[in-house]
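Visitor: fold the following and give me the result.
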Amino acid sequence: MSKRDHYSGGCLCGAVRYEIKGPVRDIVGCHCGQCRKTTGHYLPAATAWRKDFRITEDRGLKWYRASDFAGRGFCAECGSTLIWRGDEGETISVTAGTLDDAEGLKTIGHIFTDDKGAYYDLELDLPAFGQDDNGAFPMPRS
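Guide: Okay, the predicted model is just below:
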């Protein structure tokens, strides 16, 4: 868990910006097929409480309805993958690479490894789950 309580980030071209004012869960890598297709690899994501997350620039923000339970936010101008947002729940995830400064965050594990690409290996010293983590990577309290 990060010791910081403020992060900001955005896309490559600046048409989408966000800020998080609150605790952020350390980075979990998702290896599901959707994440691999939208990023070209697996998706390392930091997660925050929705109440602490705010879009500060949205002129390029577009949403793709990825499934019947979630959407993915991306920049329509530069193509950056930015946000994963489930329809329910109190959290929102941002791709770690879109954070302006990820100081204080570290990768703590992996999910959906049953779907991982055959061309890479996982870090053997981190927890990994074939599907969802079922709460093994809890959110810090706000």
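
Visitor: which stretches of this protein form strands?
Guide: For the chain, strands defined by DSSP state E occupy the ranges 6-10, 17-21, 24-30, 43-49, 53-57, 61-65, 70-75, 81-86, 91-95, 107-111.

Visitor: spatially central, which residue of the protein would that be?
Guide: Taking Cα atoms, centre = their mean as the criterion, Ala45 is the residue nearest the geometric centre of the chain, at 2.8 Å.

Visitor: the closest residue to Thr113 other than its chain neighbours pairs with what?
Guide: Leaving aside its chain neighbours, Thr113 sits nearest to Ala128 (4.8 Å; criterion: Cβ to Cβ, 6 or more residues apart in numbering). Just so you know, the C-beta spots here come from the backbone N, C-alpha and C atoms, and that holds for glycine as well. Beta bridges link Ala128 to His110, judged by DSSP bridges.

Visitor: now Ala128: how far from Glu19?
Guide: From Ala128 over to Glu19 the distance is 31 Å, taken as Cβ to Cβ, to the nearest Å.

Visitor: now swap in Phe69 and tell me
Guide: On the measure of Cβ to Cβ, Phe69 and Glu19 end up 26 Å apart.

Visitor: and the worst-scoring helix or strand of the chain on mean pLDDT, what's buried?
Guide: Lowest on mean pLDDT, DSSP states H and E among the helices and strands of the chain sits helix 33-39, with a mean of 92. Neighbour-count burial for helix 33-39 flags Gln34, Cys35, Arg36, Thr38, Thr39 (criterion: 16 or more other Cβ atoms under 10 Å).

Visitor: pretty sure the second one contacts Ala66?
Guide: No: distance between Cys35 and Ala66: 9.3 Å, which falls outside the contact criterion (Cβ atoms under 8 Å).

Visitor: between the two, what contacts are shared?
Guide: Common neighbours of Cys35 and Ala66, counting by Cβ atoms under 8 Å, 6 or more residues apart in numbering, are absent.

Visitor: circling back: contacts only, for the nearest residue to the residue nearest to the centre of the chain once chain neighbours are set aside.
Guide: Distances taken as Cβ to Cβ, 6+ apart place Ser93 nearest to Ala45, at 4.1 Å, with adjacent residues excluded. Neighbouring residues of Ser93 by Cβ under 8 Å, 6+ apart: Ala45, Ala46, Thr47, Ala48, Ile83, Trp84, Arg85.
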